[in-house]
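Asks: Below are the sequence and a predicted model; questions follow.
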Amino acid sequence: MFNKFYLYSLSRAKMYSWRLFKAFEIILLILHTVCTRAQEHALSPPYTCTTTTTLCQPGANGHTYSNDDIQVTQGRPGKRGAAGEKGERGQKGDPCQCDVADEEAMRSLRRTMETLQSTNRDMQKKVENLDARVNLLFLPSNCIEYMYVNERNGISDGLAEIYPWKNIGNMSSVLINCSLYKIDDNGWIVIQKRYDGSVDFYRNWEAYVQGFGNKDGEFWLGLKTIHQITSLRSYKLRIDLTFKNGAVKYAQYSSFVVGSELDKFKLTVSGYSGTAGDKMTYHNDRAFTTFDADNDMYSSANCAVRGNGAWWYNTCYDSNLNGRYNTDFSWPYDSILLSSEMKIRPI
């Protein structure tokens with residue numbers, strides 16, 4: 001129910017955001033075009049220089065009229081005479097008179113051109129900023145959004161790039177195993193689930209870092225993903241347990257953090273409440289251990305090998321939820337579990 005409502009709300013929000021973006025984009029495009037056209041016209045004014053003096057205008061019946069309106073009869077041309085002497089140089093004439101002679105009008109036109117150019121640049125910046133905002137809108141901030149954006153392509157087996165802080169302007173991304181990411185109807189993110197032993201949990205370091213299994217069956221979400229999620233904000237942990245004798249119990253912790261790989265995914269857990277007994281505090285501040293990465297506090301042996309599992313072992317364990325099914329799958333060490341589900345939720 002939670003997932004369906006979230007996806008519906010997300011789809012409606014993105015639909016309206018997309019419509020608003022398209023309308024705004026059209027407006028900006030029109031303004032940009034108008035500014036560009038106006039600029040082109042302003043840069044190519046119809047300035048032409050013309051003279052206002054007419055030297056000779058042809059008349060009718062073989063006559064011509066000079067500028068002084070004196071009529072002259074034109075006969076048959078005679079022989080060309082000898083060249084005359086070079087005359088005196090005339091005085092410099094008046095400068096060419098232009099159609100636009102008002103200097104103030106020219107200055108006003110130049111100011112208009114500069115305004116249009118500035119407006120054009122502003123419009124281009126707004127279009128670029130709008131493109132960036134649209135790209136930001138469709139960047140997933142969590143696995144639910146990632147699955148929505150990629151629903152037609154399916155979810156890849158690798159880690160998905162998520163932008164959890166994009167809404168506050170931080171474009172740093174994290175990698176999360178969305179193929180195993182699952183939220184129950186109450187909004188809890190499931191990080192481990194076991195109930196029938198169909199998935200082998202005795203695996204190496206890399207498998208526990210990346211995650212394994214099937215989110216619709218038994219699985220481990222992955223240390224890297226759990227670290228990325230719990231580093232975003234404060235989370236609490238709940239562990240639901242079913243024992244072989246039929247008892248159903250739970251343990252809840254008000255604070256749960258998994259460190260980075262540099263810290264060997266160190267566990268920080270506190271604030272127990274519940275019915276199953278506190279079997280996690282013993283593992284607090286301990287690094288994660290697998291059969292090929294011995295980070296426990298037991299100097300004589302590898303606790304992962306002894307417990308046939310992988311956990312935040314101390315020397316060695318009070319709980320062993322990733323131990324071999326039917327033999328080492330326990331809470332505490334001397335009990336045998338039928339099922340377990342570890343899940344976290346933001347506070």
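Replies: Thanks, I have it.
Asks: contacts and neighbour counts: CA atoms only from here.
Replies: Fine.
Asks: how does this protein divide up, domain by domain?
Replies: Following automatic domain parsing, the chain resolves into domains at 1-45+102-137, 139-179, 182-346.
Asks: Now render those domains as CSV, adding distance to Ala82 and mean neighbour count.
Replies: Output for the domains of the chain, formatted as CSV (distance: least, C-alpha to C-alpha, whole Å; neighbours: other C-alpha atoms under 10 Å):
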stretch, distance to Ala82, mean neighbour count
domain 1-45+102-137, 49, 13
domain 139-179, 92, 16
domain 182-346, 105, 19
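Asks: wait, is Arg111 part of a strand?
Replies: No: read with DSSP: H, G, I helix; E, B strand; the rest coil, Arg111 is helix and lies in no strand.
Asks: I'd like the domains of the chain written out as TSV, with mean pLDDT added.
Replies: Below are the domains of the chain laid out as TSV (pLDDT from 0 to 100):
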stretch	mean pLDDT
domain 1-45+102-137	63
domain 139-179	74
domain 182-346	95
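Asks: would you turn those into a markdown table with distance to Pro77?
Replies: As requested, those are exported to a markdown table (distance: least, C-alpha to C-alpha, whole Å):
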| stretch | distance to Pro77 |
| --- | --- |
| domain 1-45+102-137 | 47 |
| domain 139-179 | 91 |
| domain 182-346 | 105 |
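Asks: isn't Cys303 right next to Thr315, touching?
Replies: Yes: contact criterion C-alpha atoms under 8 Å: Cys303 and Thr315 qualify, at 7.2 Å.
Asks: which neighbours do the two share?
Replies: Common neighbours of Cys303 and Thr315, counting by C-alpha atoms under 8 Å, 6 or more residues apart in numbering, are Asp296.
Asks: returning to that earlier point: out of the domains of the chain, flag the one nearest Gly84.
Replies: domain 1-45+102-137 (44.0 Å; C-alpha to C-alpha).
Asks: Ramachandran coordinates for Cys316?
Replies: phi -110, psi -60 (degrees, to the nearest 10).
Asks: Can you give me every residue that contacts it?
Replies: Contacts of Cys316 by C-alpha under 8 Å, 6+ apart are 296-298, 303.
Asks: ok, 7 Å please
Replies: Cys316 is in contact with 298, 303, counting by C-alpha atoms under 7 Å, 6 or more residues apart in numbering.
Asks: do Asn322 as well
Replies: Asn322 sits next to 201, 309-311, 329 when contact means C-alpha under 7 Å, 6+ apart.
Asks: Which member of these is positioned nearest Phe212?
Replies: Using C-alpha to C-alpha, Phe201 comes nearest to Phe212 of the contacts of Asn322, at 8.7 Å.
Asks: what's the distance between that closest one and Met147?
Replies: The spacing between Phe201 and Met147, counted by C-alpha to C-alpha, to the nearest Å, is 26 Å.
Asks: cool, Thr115 as well?
Replies: Where Met147 is concerned, Thr115 sits at a distance of 47 Å (C-alpha to C-alpha).
Asks: end to end, how far does stretch 253-270 reach?
Replies: End-to-end distance of stretch 253-270 (C-alpha to C-alpha): 6 Å.
Asks: Over to stretch 312-332?
Replies: Calculated as C-alpha to C-alpha, the first-to-last residue distance of stretch 312-332 is 14 Å.
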